[in-house]
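Visitor: Here's a sequence, model it:
(chains A and B)
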Protein chains: 2
Amino acid sequence: MISSIGDVRPQIMDFEEPLALKSGEILSKYQLIFETYGILNDDKTNAVLVCHALNASHHVAGTYNGDEKTLGWWDNLIGPGKPLDTNLFFIIGVNNLGGCHGSTGPSAINPATKKPWGSSFPMVTVEDWVEAQARLATKLGIDTFAAVMGGSLGGMQALQWTIDQPSRIKNAVVVAAAPKLSAQNIAFNEVARQAITLDNEFFGGDFYQHKAIPRSGLKIARMIGHITYLSDDTMDVKFGRALREEALKFNFDTDFQVESYLRYQGDKFADTFDANTYLRITKALDYFDPAAKYSGNLANSLSNAKANYLVISFTSDWRFSPSRSEEIVGALVANKLNVSYAEIDSPYGHDAFLMDEPIYHSLISAYFERIWVEALNV
Amino acid sequence: MISSIGDVRPQIMDFEEPLALKSGEILSKYQLIFETYGILNDDKTNAVLVCHALNASHHVAGTYNGDEKTLGWWDNLIGPGKPLDTNLFFIIGVNNLGGCHGSTGPSAINPATKKPWGSSFPMVTVEDWVEAQARLATKLGIDTFAAVMGGSLGGMQALQWTIDQPSRIKNAVVVAAAPKLSAQNIAFNEVARQAITLDNEFFGGDFYQHKAIPRSGLKIARMIGHITYLSDDTMDVKFGRALREEALKFNFDTDFQVESYLRYQGDKFADTFDANTYLRITKALDYFDPAAKYSGNLANSLSNAKANYLVISFTSDWRFSPSRSEEIVGALVANKLNVSYAEIDSPYGHDAFLMDEPIYHSLISAYFERIWVEALNV
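Guide: Next up is the predicted model:
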């Protein structure tokens, strides 16, 4: 079996209560697609929510129809006997609102117009996602999560959970995240957005009606993103200056392997991801800044938080470097919250949070063992 | 007077001898546009060649028609009493072959077809530029340069001069350069190229005939480039998360100042730079690798070099970090060449080489004073 979990099947939850978004717009009804792994215990104390990052989805673990190409994005971490053990925990993966994998988003049909939402789909934020996730938990009968967990943008959601839903989360596992984006982070997102919106096939976001896809823009966006996920060193080890053929071609085909790798990644992404979703998720990243309401004081934004925290960063991550995680840790410590922090030595850059790094996985494993013991003692 | 040099005027030199390019193609005739500052002495021992980087030109110093917007890109360094003193030296700035500021390039008319070269313009390399520059020197009656100098890609040309023309260069000033691009460097260039070539207005490079300009692609390319020229810290100091207006807009207009700055820079670039030139210059960067012929041994590639070197790097430059300059220094030292190296503390990233950093300018100043004294003693 490719995945220790085996085949899984997503579920849909419909929500009829209007959701007031941070932008001021109201989503009158919506649906969320999600998957679950493991079994919810009778006390409903063993639920763990896994939040996804920019390019991922609710499909966190397992496969579809035994096809290894469909392996969930955090399958190496989740399963029976794995660091996040499905023998102990009931794990939920959910596609965020605005997504393009089954939850209501720009590519979905707007029931009011019977056409794809397209450009009219509202902007969504990390706060909106947390609210929608909390409503999903309520519908599933889960009052309190044993943990909310995520890497990168997923880690930001875990952090926001402890601010917005302090009584409904016991632990937050915040991996490779930051308390807000830097100017450079925003700049890379903005280039990606410009690549998409300036693509002739974008049609102001209403490309569905034109049977068009802004493939070039999506490809460029993904290529830029991909560079920021990898470390300079990893790229040098993986590709270096290796050529695709024996000699330089002196044309604009691909001379170097790194070029063809990036083009391939870009093309693959353009085939599967929705441009309007990409635009909105990068904006959600840019907008994330819990300290903003508190004159930039992150500690103050966390004054009502009660969760325990595991914060993890990776040495070679230049997208969200260890110092960004340390800002989070500092704010938690200032609130005398229970926080464990580890800076993991890894050459894999931001992508390290998806990798099988033994120390990293051991740490997650030990932390969830403690959560399990504490859950039993409640 | 805005510039200490005042108004300057470019000159054109025509070359009728065919130039065999590294790609195997032959350019039967071509012209180079150049400017000079200062006076060539009778012995012709005081000539300095300044090589330009990706986005610059032969217009290194001075103004056109007293307009401060036309100030040369290294005007802060060059002039009477400045670090590169026009009272002592005769300085030449030249637009490289393949450029778009007056030297023969893709946007020029191909005499054979009477149409713009466009996609048919050959690929040019650092080696080709050095050969063309050497021929220009010959035509100007300059046998030996007191120094060849440049930052970034300009520094690579200075280094290549010492390899290809060892008897015609006394000193090389190599600022913020690298002995070859890393996979990450190539990756950023490739994204920029893809943005241009995938633009609907590119027409395979023959957009001139379609009265089109791949503006979007050029804009994206410039935005990406610009991010890599600045340090993360500089961007945070200069822009941080400052908003353009009081509140978030929740749309795809520009929320943050860094977004509007980058869009402005991108638009300005798209108005002035030729897409085919940009493609070729980034390829020249990717191809630069003097050690390649020597199984990657940079020291061996420099075994015939005789020049003295000043190598300078900047602490916050993550495009070509100090360690890349140290690779050059190591190879020079291995050849027992005379080399001075300084890592300048600067927050300005790669762009620091264009800035008025006092220690940096003092160093250049002292180095050229020594060159002047040595030139007198020859």
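
Visitor: Centroid-nearest residue for chain A?
Guide: Nearest to the geometric centre of chain A sits A:Ala53, at 1.4 Å (CA atoms, centre = their mean).

Visitor: which ones are touching that one?
Guide: A:Gly150, A:Gly151, A:Ser152, A:Leu153, A:Gly154 (CB atoms under 8 Å, 6 or more residues apart in numbering or on different chains). Bear in mind the C-beta positions are built from the backbone N, C-alpha and C, glycine included.

Visitor: Assign the first one to one of the three secondary structure states.
Guide: Assigned with DSSP: H, G, I helix; E, B strand; the rest coil, A:Gly150 falls in the strand class.

Visitor: tell me, how many neighbours does it end up with?
Guide: Residues near A:Gly150, counting by other CB atoms under 10 Å in any protein chain shown, number 27.

Visitor: tell me the contacts of it?
Guide: Going by CB under 8 Å, 6+ apart, A:Gly150 touches A:Val50, A:Cys51, A:His52, A:Ala53, A:Met156, A:Gln157, A:Ala158, A:Val173, A:Val174, A:Val175, A:Ala177.

Visitor: just the residues of the stretch 51-200 of chain A that are near chain B, which are they?
Guide: Contact residues (CB under 8 Å from any CB of the partner chain) of the stretch 51-200 of chain A with chain B: A:122-123, A:180-184, A:186-188, A:190-191, A:193-195, A:197-200.

Visitor: and with 7 Å instead?
Guide: Within the stretch 51-200 of chain A, the positions adjacent to chain B are A:123, A:180, A:182-184, A:186-188, A:190-191, A:193-195, A:197-198, A:200 by CB under 7 Å from any CB of the partner chain.

Visitor: I'd like to know which of the contacts of A:Gly150 are buried.
Guide: Neighbour counting by 16 or more other CB atoms under 10 Å in any protein chain shown classes A:Val50, A:Cys51, A:His52, A:Ala53, A:Met156, A:Gln157, A:Ala158, A:Val173, A:Val174, A:Val175, A:Ala177 among the contacts of A:Gly150 as buried.

Visitor: Restricted to strands, list the residues you listed.
Guide: A:Val50, A:Cys51, A:Val173, A:Val174, A:Val175 (DSSP state E).

Visitor: Let me see the contact set for the fourth one.
Guide: Think A:Val174. By CB atoms under 7 Å, 6 or more residues apart in numbering or on different chains, the residues touching A:Val174 are A:Gly155, A:Ala158, A:Leu159, A:Tyr309, A:Val311, A:Ile328.

Visitor: and the gap between it and B:Leu97?
Guide: To B:Leu97, A:Val174 is 53 Å away according to CB to CB, to the nearest Å.

Visitor: Find the nearest non-adjacent residue to A:Leu159, please.
Guide: A:Val174 (5.3 Å; CB to CB, 6 or more residues apart in numbering or on different chains).

Visitor: Dig out what that neighbour forms beta bridges with.
Guide: In this entry, A:Val174 is beta-bridged to A:Gly150, A:Val311, by DSSP bridges.

Visitor: Neighbours of the residue lying closest to A:Thr113 once chain neighbours are set aside, how many?
Guide: Take A:Thr113 and drop its neighbours on the chain: the residue closest to it by CB to CB, 6+ apart is A:Ser120, 8.0 Å away. Other residues near A:Ser120 come to 15 when the count uses other CB under 10 Å.

Visitor: same thing with A:Leu140?
Guide: For A:Leu140, using other CB under 10 Å, the count is 16.

Visitor: Equivalent analysis for A:Glu245, please.
Guide: 9.
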